[in-house]
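Undergrad: Dropping a prediction and its sequence here:
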Amino acid sequence: MKYLVLVMAGLWRRKLRTALTLFSVLVAFVLFAYLSAIRVGLGQGVDVAGADRMFVWHAVSLAQPLPVSYLDRIRRIPGVKLVIHQSWFGGVYQDPKNFFAQMPVEPEPFLQMYPEYLLPEEQKEAWLRTRTGAIVGRRTAERFGFKIGDRIPLQTGIWMKEDGSTTWEFDIVGIFDGAKPGTDLTPMFFRYDYFDETRGVGKGLVGWYVVRVEDPSLAPAVARAIEREFANSSAEVKAESEKAFLQSWAKQIGDIGLILTAILSAVFFTILLVAGNTMAQSVRERTAELGVLKAMGFTHGQVLGLVLAESCLLSGTGCVLGLALGWLATAGGDPTGGALPVFYFPGKDMAAGLGLGLLLGLASGALPAWQAMRLRVAEALRRH
Amino acid sequence: MLRAWINWWVQVATLTWFNLASVPQRRGAVAAAMFGIAGVVGVFVGTLSIAEGFRHATTTAGSPRNVIVLRGGSDTEMVSILTGEEVRWIADAPGVASDEHGPLVSAEAFAIINLPKRSTGTEANVPLRGVGPAAMRVREGFRIVAGRMFDPGKDEVIAGRAAAAEFAGLEPGRRLRVGRQYWRVVGIFATEGGLAESEVWTDVRGFQAAYKRRNSYQTVLMRLRSEALFPVCREALEKDPRLNVKVMRQDEFYREQSTLVTNLITGLGSIIAGLMAIGATFGALNTMYSAVAARAREIATLRALGFPGGPIVVSILFESVLVALVGGLAGGLVSWAAFDGFQAATMNWQSFSQVAFTFDVTPRLMLGGIACALGIGLIGGLFPALRAARLPVAAALRES
């Protein structure tokens, strides 16, 4: 503690430079927060997927529908615990820019399949009572100001109603939250029975199936069994774990995601390098002073500690402030208007950021500290 | 008056030379600042070249003379549907051009197939388009670059140049399995860059049979005799009581189709470049402040010799702008070498299909990057320069 004064004096010596270095480090860590959030948004490092969930879709493309009759056939396959179907509604709320996903589902099995969607019990009951009822994620509800009891119209290009109209109305009966920070809180779910009866085209067809297996370790075997069940039919299927599905989905975005994250990492390290260089420089300039300290009886170790403490304090402060600011900035959610529904700064990455901050302090302090430690007093004083 | 003016600039030149001569002594700090600024410009040019390339691919695909007709209310080709009868009515619209083979109207069908990406081996959504003979005449610059055109009625396909580069299994001679259907790849085609090059084309009759679509299509693409006829054509189709259609210029349609991805790339790109610019400005400020601090005594000596503040400020600004320019140029060139012409593909959520495109480092982007570097150099030099000019001479001379 008694050395703190000395460390602070070292930093205070050139207030402006200290402040500028601090800000550079801070900016670097704000970038780091964005980098993590973008990685999450692009589906790299997906870890929200349930290990026991599988996706089953038309082998030609996810865009091809499957008959709803597959539900019972999949359910009978050994190892399958629960199966539900979902479809893509593709509705537009007021303007195509207001993108969010909507899917018709069967409420009860759906909520069983996705325990990470937290819906209050009375809202769930309301959903079961209301045929035109829909539940919507907290983020979308806040974005458009949807409240329970609202009736919202959606325009759809895909699903013309039996009467030829393309406007569907839904009653918001529930707003769900997520059990984990990575839960996607942008979609809306509504009832399949209402959907199937009202649509004028494609009755009896669904988009894809989600399957829960009894034992995650048997998932690959169950997937092959499901694929075999429908082999050589007019609609063959492909089955894959939710994680693999999401990853291949992320890979569709492809090189862009990779390049953006590569660029961000390059930026992050460039700023760190420049800041580190400045910190090292400020120690080199004070060689003579360190010589004085040694002449006064400071040991090698003490001088080493002083220099390291100074650089760690500076980079640590910048790092913590930067991470905090980055967390605040990314908490506002998707900066791209709907392209990245899941966008947050994971705690795991925040811990990694703190580690990097410490590493920066050690690395930028190490060389000058070592030089300072080996300094001969006479030489240091002469260097004046 | 003139003499004083010349004298002033001679002083600036002398001082600048004097400054630059001391750069080797402070090479570490100068290199760090250059490096930082090179990074900013490199990132700026690099990220925006992605957006630029994507925009290029999606906009040059469309000609303002071409009109795309979809079912009313549909925002993508995939969800649109038009019957054979409706297609005939649409083809009668006023303003449609024709050539010696007949009217330039192409009724097309559209589906998504899965093909493995070359780079990762993972499956990606590739558009498969069923086209009639007019499709090649409606689109400008269509040509076969390898192999030959498909033979209608023979289950053959041709692949766009970008698609063939990005996805495996599209070499001429290969068989393509889609569901239980086999198609033979017989050629590679090009269309002046643009979206169609990311697609696989086949005869629309064979397509309809394979997908059990009977006589239905998804869109109609037609060429007008002149751009100015678009409003007439649109009004006629939208007022036709037999039809419920949406009529758009082709270029407008593609622009609308790609807003989400363009927003994503430019949104993220500007956040990154903005933060990087702030970081680099701090770096440049730091470098120039320490340069001024290190030479406080020299500067004080010059002032004592009678050099006025103005030339000192300008000479320091010159140095910092020069450092920024060199860094900016280096960053821009590295970025240009690394990114220009880089082949990539990404998912366009709106059309649910892959778009293959090449990154495009345009002169405008390069100039933007250099301007950014200049700005950083000016800000980074100005404050330290002002400090140098205000340095109290006596105190600075006494400083060690």
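TA: Yes, it's here. Predicted model, so just to flag it, every value in this text is computed and none were measured.
Undergrad: per-residue confidence at the one residue in the stretch 151-300 of chain A that gets nearest to chain B?
TA: Proximity of the stretch 151-300 of chain A to chain B (C-beta to the nearest C-beta) peaks at A:G157, 3.6 Å away. Any C-beta I mention is one placed from the backbone N, CA and C, and that applies to glycine too. On pLDDT, A:G157 comes in at 74.
Undergrad: pretty sure it contacts B:V79?
TA: Yes: at 4.5 Å, A:G157 counts as touching B:V79 under the criterion of C-beta atoms under 8 Å.
Undergrad: any shared contact partners between those two?
TA: Common contact partners of A:G157 and B:V79 (C-beta atoms under 8 Å, 6 or more residues apart in numbering or on different chains): A:90, B:71.
Undergrad: A:A235: what secondary structure?
TA: coil (DSSP: H, G, I helix; E, B strand; the rest coil).
Undergrad: Do you know the pLDDT at it?
TA: The model's pLDDT for A:A235 equals 84.
Undergrad: So what does the nearest residue to the residue of the stretch 151-300 of chain A closest to chain B once chain neighbours are set aside look like in phi/psi?
TA: Nearest residue to A:G157, sequence neighbours excluded (C-beta to C-beta, 6 or more residues apart in numbering or on different chains): B:S74, at 3.6 Å. Per-residue torsions, B:S74: phi -90, psi 140 (degrees, to the nearest 10).
Undergrad: Does the closest residue to A:G178 other than its chain neighbours fall in a helix, a strand, or a coil region?
TA: Spatial nearest neighbour of A:G178, chain neighbours left out: A:L185 (5.4 Å); criterion: C-beta to C-beta, 6+ apart. Following three-state DSSP, A:L185 is assigned to coil.
Undergrad: List the contacts of A:L185.
TA: Applying C-beta under 8 Å, 6+ apart, the residues contacting A:L185 are A:137-140, A:176-178.
Undergrad: Return the set of buried residues in the strand or helix carrying A:A280.
TA: Assessed by DSSP states H and E, A:A280 sits inside helix A:255-284. Under the neighbour-count criterion of 16 or more other C-beta atoms under 10 Å in any protein chain shown, helix A:255-284 has A:255-261, A:263-264, A:267-268, A:270-283 buried.
Undergrad: what lines up beside the longest strand seen in chain A in the sheet?
TA: Taking DSSP state E as the criterion, chain A has its longest strand at strand A:167-178. Strand A:167-178 sits in its sheet next to strand A:117-118 (antiparallel), strand A:133-137 (parallel), strand A:151-156 (antiparallel), going by DSSP bridges.
Undergrad: Mind checking the pLDDT average for the shortest one?
TA: Just to be clear, that refers to strand A:117-118. 92.
Undergrad: So what touches that strand?
TA: A:111, A:135, A:137, A:176-179, A:183.
Undergrad: Show me which of those residues are buried.
TA: Buried among those by 16+ other C-beta under 10 Å: A:111, A:135, A:137, A:176, A:178, A:183.
Undergrad: Relative to B:E77, how far out is the residue of the stretch 151-300 of chain A closest to chain B?
TA: 10 Å (C-beta to C-beta, to the nearest Å).
Undergrad: interface residues of the stretch 151-300 of chain B facing chain A?
TA: B:178-180, B:256, B:259-261, B:263-265, B:267-269, B:271-272, B:275-276, B:278-280, B:282-283, B:285-286, B:289-290, B:293 (C-beta under 8 Å from any C-beta of the partner chain).
Undergrad: Filter the residues you listed down to just the ones in strands.
TA: Counting by DSSP E, these contribute B:V178 to strands.
Undergrad: Tell me who's in contact with the residue nearest to B:R118 when sequence neighbours are not counted.
TA: Distance criterion C-beta to C-beta, 6+ apart; nearest residue to B:R118, sequence neighbours excluded, is B:A168 at 5.2 Å. Residues in contact with B:A168, defined by C-beta under 8 Å, 6+ apart, are B:115-118, B:121.
Undergrad: Identify the residues contacting the most centrally placed residue in chain A.
TA: Central residue of chain A (C-alpha atoms, centre = their mean): A:V40, 2.9 Å from the mean position. Residues near A:V40 by C-beta under 8 Å, 6+ apart: A:182, A:342-346.
Undergrad: Hmm, A:L154 and A:T167 touching each other?
TA: Yes: under the criterion of C-beta under 8 Å, A:T167 makes contact with A:L154 at 7.3 Å.
Undergrad: Look at those two and report which has more neighbours.
TA: A:L154 (20 against 11; other C-beta atoms under 10 Å in any protein chain shown).
Undergrad: Contacts only, for that one.
TA: A:L154 neighbours (C-beta under 8 Å, 6+ apart): A:89, A:91-93, A:102, A:167-170.
Undergrad: Closest to B:R205 out of those?
TA: Closest to B:R205 out of the contacts of A:L154 is A:F89 (31.7 Å), distances taken as C-beta to C-beta.
Undergrad: Surely that closest one and A:G157 touch.
TA: No: checked against C-beta under 8 Å, the pair A:F89 and A:G157 is beyond contact range at 10.4 Å.
Undergrad: before we move on, back to that, can you redo the contacts of A:L154 as JSON lines with distance to B:D251?
TA: Listed next are these as JSON lines, based on distance: C-beta to C-beta, whole Å:
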{"residue": "A:F89", "distance to B:D251": "29"}
{"residue": "A:G91", "distance to B:D251": "26"}
{"residue": "A:V92", "distance to B:D251": "22"}
{"residue": "A:Y93", "distance to B:D251": "27"}
{"residue": "A:Q102", "distance to B:D251": "30"}
{"residue": "A:T167", "distance to B:D251": "29"}
{"residue": "A:W168", "distance to B:D251": "31"}
{"residue": "A:E169", "distance to B:D251": "35"}
{"residue": "A:F170", "distance to B:D251": "35"}
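Undergrad: pLDDT below threshold where in the stretch 1-150 of chain B?
TA: Residue ranges of the stretch 1-150 of chain B with pLDDT under 70: B:60-61.
Undergrad: cutoff 50 now
TA: Within the stretch 1-150 of chain B, no stretch has pLDDT under 50.
Undergrad: can you give me the helices for it?
TA: With DSSP state H, counting those that start in this stretch as the criterion, the stretch 1-150 of chain B has helices at B:2-21, B:27-59, B:84-91, B:135-138.
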